[in-house]
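Undergrad: based on what follows, work out the 3D shape:
(one chain, ligands or ions: 1)
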Amino acid sequence: MIKVGIPRALLYYQYYPMWKTFFETLGAEVEVSAPTNKTALNVGVSRAVADTCLPVKVLLGHAISLLDKCDCLFIPAVTSLGGKTYNCSKVIGLPNITRALIPECPLILSPEINVEKGRYHLYRNIYKLGCHFTSNPFKLKRAVEEAWESNLVYRNKMSDEGIMPDQAVEEICQQNYEPEPSLNSSPFRIAVIGHPYVLYDEYINHRLISWLQSREIKIFTPEMVSQEALNAAAKRLVGDPHWSFEADIIGAGEYYLETGIDGVINVSVFGCGPDSMMVGFVQHRAKELEIPFLPLTLDEHSSEGGLLTRLEAFVDMIKRRGRICV
Ligand code: SF4
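TA: Reported below is the predicted structural model:
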């Protein structure tokens, strides 16, 4: 049985259930790297040039941790999912970056996903990927259909039930999983926006979301809103999008600001070109609506102490404002 390694980084947080279903339906075994830790990060940092963004360094560390555990790695080049929006060049070039910086890598399965090039191009690339596992086109068709269904279940679960990716993945992938009831009924609501691979990687963000929840703050993230609502909100604020992640940052920011949320925290990473342009729109809008906004920028040197001090001050300010308004 072919073992496919999937690095727990970057697009993993958006598509893992879909990828897992696809490969398993084709008879492969899926091996996911462990959650980010100090070793994975340091190894990734040691391979990349300094100004590479943190999530790419993290991906390199995860890829290296999988080298002796799988027959091939799955790192797709997701260029565009349509709507004339494109991913950033680092996401598009990820398979090539990985090959260049980790020459000892096994085969990298790296289909180009570019909906802008039309259906034929997309189907042909998925077919070529599937041919590594089967020559039966019906089996491949079933794998694609089941994978897509799994993706819809994952997305809907997060937006309908207001849960985060890790919980959704556990509920979908572990049949006997019983979710813990949410006891957080705090009157204070903060939206935490940013790329999913930054928001949900607890090692690089120093458990930011868990920390806020422990301060009795109810947290809202982009994944808790349907894609349609995010796209519509982004369009209301800036018109037609150019970047694939505009919905997650501009769309989520605008959506939550319109609901009159108590505060917005944007978590971005040092060296991210798209973020540096997108965050300004949300920050400006928050100022217009007089809603507190905290921009946080992380890199591999960010200290937990410095981050928590800023969060502490932000939460205190929100709670004080709330009491004054009551
Ligand atoms: S969007 Fe930003 S954080 Fe994400 S891969 Fe590109 S440069 Fe890095």
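Undergrad: spit out the contact partners of the residue of the stretch 151-300 of the chain found nearest the ligand.
TA: Closest approach of the stretch 151-300 of the chain to the ligand (C-beta to the nearest ligand atom) occurs at C272, with a separation of 3.1 Å. No exception for glycine: its C-beta is placed from N, CA and C like everyone else's. The contact partners of C272, by C-beta atoms under 8 Å, 6 or more residues apart in numbering, come to 53, 88.
Undergrad: need the pLDDT of it.
TA: On pLDDT, C272 comes in at 88.
Undergrad: any idea how far it lies from V91?
TA: 11 Å (C-beta to C-beta, to the nearest Å).
Undergrad: and the nearest residue to G61 once chain neighbours are set aside, what element?
TA: Closest residue to G61 apart from its sequence neighbours, by C-beta to C-beta, 6 or more residues apart in numbering: G44 at 2.9 Å. When elements are assigned from DSSP states H and E, G44 belongs to helix 38-47.
Undergrad: for that helix, buried residues please.
TA: 40-41, 43-45, 47 (16 or more other C-beta atoms under 10 Å).
Undergrad: just for the stretch 51-200 of the chain, where's the confidence low?
TA: In the predicted model of the stretch 51-200 of the chain, residues 174-186 satisfy pLDDT under 70.
Undergrad: list the contacts of T25.
TA: T25 neighbours (C-beta under 8 Å, 6+ apart): 139, 142-143, 146-147.
Undergrad: so which of those residues are in helices?
TA: Of the positions in those, 139, 142-143, 146-147 sit in helices, assigned by DSSP state H.
Undergrad: just flag the most distant two among those.
TA: K139 and A147 (12.4 Å; C-beta to C-beta).
Undergrad: more neighbours: which of these two?
TA: Comparing K139 with A147 by other C-beta atoms under 10 Å, the one with more neighbours is A147, at 21 against 15.
Undergrad: thought that one was touching W19?
TA: Yes: applying C-beta atoms under 8 Å as the test, A147 and W19 come out as touching, 7.3 Å apart.
Undergrad: without its sequence neighbours, what residue ends up closest to the most centrally placed residue in the chain?
TA: For the chain, P196 is the residue whose C-alpha lies nearest the centre (C-alpha atoms, centre = their mean; 2.5 Å). Closest residue in space to P196, ignoring its immediate chain neighbours: Y13 at 3.9 Å, by C-beta to C-beta, 6+ apart.
Undergrad: average model confidence for the helix or strand in which that neighbour is found?
TA: Using DSSP H and E, Y13 maps to helix 12-25. When pLDDT is averaged along helix 12-25, the result is 95.
Undergrad: for the nearest residue in space to P137 that is not next to it in sequence, the count of nearby residues, please.
TA: Of all residues not flanking P137 in the chain, Y127 sits nearest, at 7.8 Å (C-beta to C-beta, 6+ apart). Counted with other C-beta under 10 Å, the neighbours of Y127 add up to 14.
Undergrad: that's a helix at Y127, yeah?
TA: Yes: the assignment for Y127 (DSSP: H, G, I helix; E, B strand; the rest coil) places it in a helix.
Undergrad: right, and it touches K141 too?
TA: No: using C-beta under 8 Å, Y127 is not in contact with K141, being 9.6 Å away.
Undergrad: show me what contacts V32?
TA: 5-8, 12, 16.
Undergrad: how close does it get to D51?
TA: For V32 relative to D51 (C-beta to C-beta), the value is 28 Å.
Undergrad: now swap in E24 and tell me
TA: Counting by C-beta to C-beta - E24 and D51 are separated by 38 Å.
Undergrad: more neighbours, those two?
TA: The neighbour comparison of E24 against D51 (other C-beta under 10 Å) goes to E24, with 16 against 7.
Undergrad: for the stretch 101-250 of the chain, what spans make up the strands?
TA: Under the criterion DSSP state E, counting those that start in this stretch, strands of the stretch 101-250 of the chain are mapped to 107-109, 112-114, 189-194, 218-220.
Undergrad: pull up the pairing partners for the second one, direction included.
TA: The partner list of strand 112-114 in its sheet, established with DSSP bridges, is strand 77-80 (parallel).
Undergrad: the helix or strand just after the partner strand near the ligand at all?
TA: Next helix or strand after strand 77-80 toward the C-terminus (DSSP H and E): helix 89-92. Yes: with C-beta under 6 Å from any ligand atom as the measure, helix 89-92 is seen reaching the ligand through 90-91.
Undergrad: quick one: distance of helix 89-92 to the chain centre.
TA: Taking the mean of its C-alpha atoms, helix 89-92 sits 14 Å from the chain's own mean (C-alpha atoms, centre = their mean, to the nearest Å).
Undergrad: stretch 304-318 now?
TA: 24 Å.
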